[in-house]
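J.: Just the structure for this:
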Amino acid sequence: MVKTSSILLPRFIRSLGIFFLAFRMISCQLLGVMLVCGVGLPTLADACRLLERPSGLEEVFWVHLDEGCSAVERRELAVSGADVLAALEQGKSVDLNGVVVTGDVMLDRLSTRRVADLSSLSVQVREELTQQRLETIRFIPGSLRIRESQFEKVLATNLSKGALLILGEVDLTDAVFVRSLDWSKTIFVHPATFKGMRVDFEGFFIGARFMQTVDFSHAQFGTHSRFYKAVFGAPVNFKEVQFKGIAEFLEVNFRGEANFSQAAFESGTGFSGSVFQGLADFSGAVFTHETYFRFSEFTDRIRFTGTDFEKTVDFSNARFAKPADFSGASFALRPEHEGSNLALPELSPVWWKNPVILLVISVCLLLLVGIHYLRTGKKF
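T.: The predicted structure follows:
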C-alpha cells in the first residue's frame, strides 16, 4: 500500500504541473490575440476619459468627463479655476460636466465694461442697469453650465458695489461647492437653475436680481444662506430645499410665485421685511428654530398648510391682503402677531390647544400609572 502511494504521488504532481503549463500557454495565446486585435486590457483611459467636444463649440470652454470616472480619476483630470476665469474673461461660455474645479474663481477679477459700450443689451436690461445707476459693470456675455461638478475652493463675485451681469443661461444642477458660493450683486438675465446644488458653507445671493425663473429645488445650503435684498422678478422654486444653517431672506422682493413647500429650515430663519407679490407656498415646510416674518407683506395668497413650527414664529406687524391658510399646521408656541392683521385667535383651539389631543395624552398617562400600581401591588 505504501509502495502504491509512493508511485501515484509523483504521477499526480507531474500531471498537475502539465495542467498549469497548458493553462499558462493558452492564457498567453489569448492575451496575444487580444493585443494584436487591439482589444487590450482596461486602462485608465478606458475607465475615465475626456469626452470629445462637439463640433461648433470651439468658442466654448467645454470639458465633459465620462460617467464612469471615480473621484480619484476626476481629480487627476481636474480643471483649474484660473482656466475657468480666463475663459470668462475672453467672453467664452463655460460648459463643465462631471469635473473637479481646483482653485478659486474670483469673478471680481473680470474686467469692467462701460454699459454704453455694450450694444448687445436689451431695452429691459438697460432699464435695469439705469435703475441701479450703473455705468460700469463686470460682464459675462455667454452661458454658464456647470453640472454634476465639484468646486474645491470658492466661487465668488466679492462685490460690495457695482454688479456682475450674466446674459446667458446659468445652470448649476447638482454642482457641489465644498467651500462657499457667492453670487452677490449678480444680475441673472435668463433662467437660472440651481437644482440639487450643494453648498457646504456660505451661500450668498446678497442683492442678486433674477429677471427670469429660478429653480433651487432639492438644493442644500450649509452654515449660512443669505438672500438679503434679492429680487426675484419671476417665479422661484425652493421646494424641498434643506437649509442646515441660518437662512436669511430679509427685505427680499418676490414678484412672482415663491414656492417653499416641504423645505427644511434647520436653524434660525428670517423673512422680515420681505414682500410676496405672488402666491407664497410654505405648505409642508418644517421650521426647527425661531422664524420671523416681522413687517413682511403678502399681497396674494399664502399657504402654511401642514407646516410645522417647532419654535417661536413671529408675524408682528406683517400685513396680509388675503386670509392665510393654516389648515393642518402645528405650532409649538403661540405665534406672535402684534400689529398684524393676521386673525390667529380664531385658529388657536385647532392648532396649539387641541382638546382631543390633550385628553388622549391624559388618558394614556392615567393608564400607565394604573398599570404601574397594579404590578407593584401598591394602593393609590
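J.: So what's the residue count around residue 374?
T.: Neighbours of residue 374 under the rule other Cβ atoms under 10 Å: 9. Bear in mind the C-beta positions are built from the backbone N, C-alpha and C, glycine included.
J.: Remind me which helix or strand it belongs to.
T.: Per DSSP states H and E: residue 374 is located in helix 355-376.
J.: Please apply the same query to residue 316.
T.: Residue 316 belongs to no helix or strand, assigned by DSSP H and E.
J.: correct me, but it touches residue 338?
T.: Yes: between residue 316 and residue 338 there is a contact at 4.9 Å, judged by Cβ atoms under 8 Å.
J.: Compare these two (neighbour count), which wins?
T.: residue 316 (17 against 9).
J.: okay, now the domains of the chain?
T.: Listed by automatic domain parsing, the domain ranges of the chain are 112-353, 354-380.
J.: Just the mean pLDDT for the shortest one, thanks.
T.: Taken as a whole, domain 354-380 has an average pLDDT of 68.
J.: and if you look at stretch 221-231?
T.: Here the average pLDDT along stretch 221-231 is 98.
J.: Pull up the distance across it, start to finish.
T.: With Cα to Cα, to the nearest Å as the measure, the first residue of stretch 221-231 is 19 Å from its last.
J.: what about that stretch, distance to the chain center?
T.: From the chain centre to the centre of stretch 221-231 is a distance of 12 Å (Cα atoms, centre = their mean, to the nearest Å).
J.: Tell me which residues of that stretch come out buried.
T.: For stretch 221-231, a neighbour-count test (16 or more other Cβ atoms under 10 Å) marks 221, 222, 224, 225, 226, 227, 228, 229, 230, 231 as buried.
J.: Same check on stretch 199-211?
T.: Residues of stretch 199-211 classed as buried by neighbour count (16+ other Cβ under 10 Å): 199, 200, 202, 203, 204, 205, 206, 207, 208, 209, 210, 211.
J.: For the protein, which helix or strand comes out least confident on mean pLDDT?
T.: Ranking every helix and strand in the chain by mean pLDDT, DSSP states H and E puts helix 348-351 at the bottom, with a mean of 43.
J.: Where does the prediction get shaky in the protein?
T.: 1-47, 345-360, 369, 372-373, 377-380 (pLDDT under 70).
J.: quick one: the helices in it?
T.: Here the chain has its helices, by DSSP state H, at 2-36, 44-47, 71-76, 81-89, 123-131, 348-351, 355-376.
J.: ok now the third one, how far from the chain's centre?
T.: On the basis of Cα atoms, centre = their mean, helix 71-76 is displaced by 22 Å from the centre of the chain it belongs to.
J.: Which other helices and strands does that helix contact?
T.: Applying 3 or more Cβ pairs under 8 Å, 6 or more residues apart in numbering; DSSP states H and E, one finds that helix 71-76 makes contact with strand 100-102.
J.: Residues in contact with the strand it packs on: which ones?
T.: 74-75, 77-81, 84, 146, 149-153 (Cβ atoms under 8 Å, 6 or more residues apart in numbering).
J.: Of those, which is the nearest to residue 295?
T.: residue 151 (36.1 Å; Cβ to Cβ).
J.: Contacts only, for the closest one.
T.: Going by Cβ under 8 Å, 6+ apart, residue 151 touches 81, 101, 105, 175, 176, 177, 178, 179, 181.
J.: Likewise for residue 272?
T.: Contacts of residue 272 (Cβ under 8 Å, 6+ apart): 250, 251, 292, 293, 294, 295, 296.
J.: same deal with residue 53?
T.: By Cβ under 8 Å, 6+ apart, residue 53 lies in contact with 60, 62, 64.
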